[in-house]
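**Student:** sequence and predicted model, in that order:
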Amino acid sequence: MTRAELQGIGMTSQRTRNRLVDRLRRHGVHDETVLNAIRTVPRHMFVEEALASRAYEDTALPIGAGQTISQPLVVAQMTQELISAGKPPRTVLEVGTGSGYQAAVLAQRIEQVFTIERIDELWRLARRKFRSLGLRNIRTRCLDGHQGWPANAPYDAIMITAAARSVPEALFAQLAEDGGVLVAPVGPEGRQELRVYCRRGADFQQKGLGDVSFVPLLPGTG
Ligand code: SAH
């Protein structure tokens with residue numbers, strides 16, 4: 001990947017990216033490290049080339065296989081909550097790699113990122129992106145998120161980026177007991193509540209952060 005490709009031009013330039021950051025700030029994202037991560041990660045590299053000029057609009061976009069890259073505001077809000085609601089995370093598990101953008105944002109801020117995706121095609125594409133962008137602190141697998149990724153548990157933080165009717169038990173079980181934070185959209189297809197759970201032993205404190213709309217968490221791998 002050339003420097004020019006990475007930096008972008010016109011609608012994918014640093015200036016366009018800075019405008020997105022200003023917008024996120026106006027919408028209540030205040031953590032400078034999160035805003036910096038959004039400023040740094042070239043979102044246009046995570047969408048189809050034909051959509052690159054729309055990469056810095058604050059909107060979800062299709063990424064193939066019927067899936068979407070999340071809206072930047074939601075990515076920023078979830079990241080901000082994940083790093084501030086409990087103990088500062090050193091490790092995170094993301095369920096639903098999709099384009100890989102959210103994982104790349106997390107990787108700017110968190111030492112070790114694990115991310116899993118159920119669709120083989122998306123998983124391979126994301127893995128290639130992480131390699132070409134030199135994001136060496138991201139490890140990824142094609143796995144069903146309902147089971148999590150037990151080999152590396154416990155995780156200081158877990159982020160689910162697909163809608164679950166309820167959070168799979170295996171994911172709660174893989175969360176660190178001493179202040180581990182899990183962020184997830186919980187509810188039926190169409191509209192969910194963004195929830196944050198903070199774990200202390202067997203106790204899970206819960207709060208809601210408003211409505212969001214994610215594609216569903218599906219069973220198995222494909
Ligand atoms: N975080 C992504 C967007 C997520 S879209 C990004 O930054 O682009 C939700 C993703 O979750 C889709 O790619 C979908 O295939 C995946 N997914 C759905 N059910 C899953 C499951 N059970 N395990 C792992 N991934 C799943």
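**Tutor:** Here it is on my side, so go on.
**Student:** run through the strands of the protein in chain order.
**Tutor:** All strands of the chain, identified by DSSP state E, fall at 61-64, 67-69, 91-95, 112-117, 138-142, 157-160, 178-186, 192-200, 203-212.
**Student:** interface residues of this protein facing the ligand?
**Tutor:** The chain comes close to the ligand at residues 67-70, 95-96, 98-99, 101-102, 116-119, 122, 144-146, 161-162, 215, 217-218, as judged by Cβ under 6 Å from any ligand atom. Every residue, glycine included, has its C-beta placed from N, CA and C.
**Student:** picking that back up, now the strands of the chain in CSV, with mean neighbour count?
**Tutor:** Below are the strands of the chain laid out as CSV (neighbours: other Cβ atoms under 10 Å):
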stretch, mean neighbour count
strand 61-64, 17
strand 67-69, 20
strand 91-95, 26
strand 112-117, 25
strand 138-142, 18
strand 157-160, 27
strand 178-186, 22
strand 192-200, 18
strand 203-212, 12
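**Student:** and the ones you listed as a markdown table, adding mean pLDDT?
**Tutor:** Below are those laid out as a markdown table (pLDDT from 0 to 100):
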| stretch | mean pLDDT |
| --- | --- |
| strand 61-64 | 94 |
| strand 67-69 | 95 |
| strand 91-95 | 98 |
| strand 112-117 | 98 |
| strand 138-142 | 98 |
| strand 157-160 | 98 |
| strand 178-186 | 97 |
| strand 192-200 | 98 |
| strand 203-212 | 96 |
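**Student:** can I get these in a markdown table including distance to Thr33?
**Tutor:** Formatted as a markdown table, the strands of the chain follow (distance: least, Cβ to Cβ, whole Å):
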| stretch | distance to Thr33 |
| --- | --- |
| strand 61-64 | 25 |
| strand 67-69 | 21 |
| strand 91-95 | 14 |
| strand 112-117 | 15 |
| strand 138-142 | 17 |
| strand 157-160 | 14 |
| strand 178-186 | 16 |
| strand 192-200 | 18 |
| strand 203-212 | 19 |
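**Student:** give me the buried subset of the residues of the chain next to the ligand.
**Tutor:** Neighbour-count burial (16 or more other Cβ atoms under 10 Å) applied to the residues of the chain next to the ligand gives 67-70, 95-96, 98-99, 101-102, 116-119, 122, 144-146, 161-162, 215, 217.
**Student:** from those residues, which ones fall inside helices?
**Tutor:** Using DSSP state H, the subset of those located in helices is Tyr101, Gln102, Leu122.
**Student:** could those go into a markdown table alongside pLDDT?
**Tutor:** Output for these, formatted as a markdown table (pLDDT from 0 to 100):
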| residue | pLDDT |
| --- | --- |
| Tyr101 | 98 |
| Gln102 | 98 |
| Leu122 | 97 |
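**Student:** now, among those, which is nearest to Leu133?
**Tutor:** Closest approach to Leu133 among those (Cβ to Cβ): Tyr101, at 10.8 Å.
**Student:** surely the closest one touches Arg43?
**Tutor:** Yes: counting by Cβ atoms under 8 Å, Arg43 is a contact partner of Tyr101 at 5.8 Å.
**Student:** now for these two: what residues contact both?
**Tutor:** Residues touching both Tyr101 and Arg43 (Cβ atoms under 8 Å, 6 or more residues apart in numbering): Ile69.
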